[in-house]
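Asks: okay, predicted coordinates and the sequence, questions at the end:
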Amino acid sequence: MRVIDLRQLMCEIAQKNGIDYIYQRAKATDTIEPIRIAFLGQFTTGKSTLINALLKEKQLPMYDTPTNAAIVEITKADDNKIEVVRTVNGEEITTNIQPYALAKEVMTAEEGKIIRIFRNDLDFLSGDMIIVDTPGVHSMHDIHTDVTCGYLPFIDAAVISISALGGDVTASLLEFIKNQIDIIEGLKDRLFFCVTMLDRFLESEREQVYDQIKSTLSTVVPSALILMISPNVILDHALQNRTEEYDRSSIMSLINFIQTDIPKRNIEIREMKQCRVLKEIKQLLINDLKDKIASLDYSFPELDAQINATEEMIKELEKNRSKLNDDFDQIKSSITQQIYDEIDGLIDIIAFKVSKEMEYKDDIDTFAGNVRETILDGLSKLKLPEGRGFNNLGGLINARVSTMIEGIMIITNFIADAITIALLAILIPGKTALDAAGAGAVATQKAATIAKTGTEVVKTSIFIKLLGGLGKIIKEINPIEKLKVTLTNPILKAKIERKMRSEMNKLLQSMFHTILKELDDYIELNYNNPLKQQLATLNTIRKMKESKITNLDSIKNDIREEIRSLSINDC
């Protein structure tokens, strides 16, 4: 993937996920960074002298002991000046110094310090290049090496000085190239080696030393560019204005490397530099995306609390509704039992009073009132508002029982007169017991038919008058009357019991049907409707939670896909 495409991908992903600092850093890699050419090497190998030869003056301090303790950047500019830049708490503080103070600053090690030299006479250097003098590697001062190694990730090409005085490349420099240079992608292909101090050898010895150094370097940099150079001699040419000697010296090969070779690879260098930075930023982005996945919170305490509260409310409503139905069934059973107990007492009283032709209306009124009170008292335990069906409950019971008793009285009179006829037949001379039984049976059957059909009252008026007349005669015969009462009371009681139980059962069914309907209305209003509302609320909250979970899953999957895309794409 091209650098520009990787940058765009990273910017889009960072912006989408709100990782602004990654977005800004990735976007900033699109800016043109200067190309940094660092001068590296062990101390006393002539690095600073070589740079002074390029500058054609003794600007950097040169001593036989480790001298440079700070990074020095030399840049082409319109005005000559020297700055010391210190980083304090993440902020750069810049101080301008005079040339005479440069040596002291260069020799003073200080963390986060960079010295910048701006010159307007650097004809060999383009405006987008920086020459960098670094402290010696494997110096007797560890901080020198640390400063240099810390700066390595920022360099794009390097000039490495090697002293010929040792006769070969030192093992420590080889290790430095393997362990520090190799890890910076592409940097090993942009190295320029300068073998210094050869002027101190005899002419016949120089080539042999050079060949040895070249052979050793080939083990770590197979196609290394190697130049034999005498920085002190070249610097002296510059200081003495020996222009022809200077231009014929090997310094021109180094200048050609800086002026020609590096610019030819300008685009490649910049892209590799941007790619290196993008890779570092990409890893930060991937780590942040992984952290974002880990931080996705699938807990919804507020929604869970609402769900729990709604479920508890639903349970409470269902529990109370069930309890109300159970209580109604128990109360209904209790009311029914109490009413039937009232019926049993009423039957005995009415049967007795009817047989004695006594008034029983007050007893029916009392019974009706007791039934009403029993029902209302029982229903009051449900703590329901008094329903419309309860308002005329006493009157309804009274009318229904009175009608029932009147019907029973008709039947009872027929039965009583039938018994009278039967008894009379027994007492009339010439009539046998069989005749009496037949007469009584006919009368009784007729009464039963009337009671069952209710359609022959008019047709049998003569029969009724006859029975009534006979009954009146018999009533005057006291022994027969007493016997009739004895026979009538059980028959009347049985009839009243059956009829009253049947009628009261119908009445109770009708009454409870009305009550149950009002109870259903009450349950619908106070339980079913709230239950529907709570269930709808619960469903809404659960859907809201499911939606949030689905959304989080979608975000997680999107981030995982973004991580995968970043992982498989590189520059």
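Replies: On my side now, so go ahead. Because the structure is predicted, anything quoted here is derived from the model rather than measured.
Asks: what ranges in this protein fall below the confidence cut-off?
Replies: The model of the chain has pLDDT under 70 over residues 63-68, 138-147, 355, 384-398, 400-402, 404-489, 491-492.
Asks: packing partners for the longest helix that it contains?
Replies: Longest helix in the chain by number of residues (criterion: DSSP state H): helix 301-355. If contacts are counted by 3 or more Cβ pairs under 8 Å, 6 or more residues apart in numbering; DSSP states H and E, helix 301-355 sits against helix 361-380, helix 393-427, helix 478-523, helix 529-568. C-betas here are computed from N, CA, C, even on glycine.
Asks: roughly how far out does it sit from the chain middle?
Replies: The chain centre lies 45 Å from the centre of helix 301-355; the measure is Cα atoms, centre = their mean, to the nearest Å.
Asks: again, but for stretch 36-50
Replies: With Cα atoms, centre = their mean as the basis, stretch 36-50 stands 59 Å off its chain's centre.
Asks: endpoints of that stretch, how far apart?
Replies: With Cα to Cα, to the nearest Å applied, stretch 36-50 spans 16 Å between its terminal residues.
Asks: can you check stretch 209-228 too?
Replies: End-to-end for stretch 209-228, by Cα to Cα: 10 Å.
Asks: so which bits of it are buried?
Replies: Neighbour counts over stretch 209-228 (16 or more other Cβ atoms under 10 Å) mark 209, 210, 213, 216, 217, 220, 221, 224, 226, 227, 228 as buried.
Asks: beta partners of residue 38?
Replies: Judged by DSSP bridges, the bridge partners of residue 38 are residue 132, residue 158.
Asks: how far away is it from residue 183?
Replies: 15 Å (Cβ to Cβ, to the nearest Å).
Asks: report how many residues lie close to the nearest residue to residue 300 once chain neighbours are set aside.
Replies: Among residues not flanking residue 300 along the chain, residue 545 sits closest, at 5.6 Å (Cβ to Cβ, 6 or more residues apart in numbering). Using other Cβ atoms under 10 Å, the number of residues around residue 545 comes to 17.
Asks: surely residue 545 meets residue 301?
Replies: No - Residue 545 is beyond contact range of residue 301, at 11.1 Å (criterion: Cβ atoms under 8 Å).
Asks: just confirm residue 86 is within a strand.
Replies: Yes - checked against DSSP: H, G, I helix; E, B strand; the rest coil, residue 86 lies within a strand.
Asks: sorry, back to before: looking at residue 38 and residue 183, which one has more neighbours?
Replies: Set residue 38 next to residue 183 and count neighbours by other Cβ under 10 Å: residue 38 wins out with 23 against 11.
Asks: OK, contacts around the more buried one?
Replies: Applying Cβ atoms under 8 Å, 6 or more residues apart in numbering to residue 38 gives the contacts 132, 134, 151, 152, 155, 157, 158, 159.
Asks: break this structure into its domains for me.
Replies: What automatic domain parsing lists as the domains of the chain is 1-31+266-295, 32-264, 302-545.
Asks: now do the end-to-end distance for the shortest one.
Replies: Same thing as domain 1-31+266-295. Between the opening and closing residues of domain 1-31+266-295 there is a gap of 31 Å (Cα to Cα).
Asks: now that domain, how far from the centre of its chain.
Replies: 29 Å.
Asks: closest one to residue 556 among the domains of the chain?
Replies: Residue 556 lies closest to domain 1-31+266-295 among the domains of the chain, at 5.6 Å (Cβ to Cβ).
Asks: now the domains of the chain as a markdown table including distance to residue 553?
Replies: What follows is the domains of the chain, written out as a markdown table (distance: least, Cβ to Cβ, whole Å):
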| stretch | distance to residue 553 |
| --- | --- |
| domain 1-31+266-295 | 11 |
| domain 32-264 | 38 |
| domain 302-545 | 13 |
